[in-house]
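J.: Predicted model and sequence follow; I will ask about them next.
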Amino acid sequence: MEELKYIRKQLEKGEVENSIQALNRYLSREDALFKDEAYYLLGNAYRKCGNWQQALNNYQ
């Protein structure tokens, strides 16, 4: 969960591309426990980029 907190802070600072990359790495791990939170953050990141379709896909 600490990793996601760090990514959330980066996203809030506007580091969207780095956040997307970090979230995709997190979600690709088999030991990722908080995937629902990660997908929500990924949706937020894509929303900030204006990529509404990817945002909706990740929210779902």
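T.: Everything's here; your move.
J.: Buried ones in stretch 53-60, by neighbour count?
T.: Applying a neighbour-count criterion of 16 or more other Cβ atoms under 10 Å, one finds 54-55, 58 buried in stretch 53-60. C-beta coordinates here come from the backbone N, C-alpha and C atoms, glycine included.
J.: mind exporting that stretch as CSV, just the C-alpha atoms?
T.: Output in CSV follows, covering the C-alpha atoms of stretch 53-60 (Å, rounded to 0.1, in the frame of the first residue of the first chain):
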residue,chain,number,x,y,z
GLN,A,53,-11.8,6.0,-22.8
GLN,A,54,-8.7,4.6,-21.0
ALA,A,55,-9.9,6.3,-17.8
LEU,A,56,-13.3,4.6,-18.1
ASN,A,57,-11.7,1.3,-18.9
ASN,A,58,-9.7,1.4,-15.7
TYR,A,59,-12.5,2.6,-13.5
GLN,A,60,-14.5,-0.4,-14.6
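J.: now that stretch: mean pLDDT?
T.: Across stretch 53-60, the average pLDDT comes to 96.
J.: Outside of that stretch itself, list whatever touches it.
T.: For stretch 53-60, the external contacting residues (Cβ atoms under 8 Å, 6 or more residues apart in numbering) are 39-40, 42-44, 46-47.
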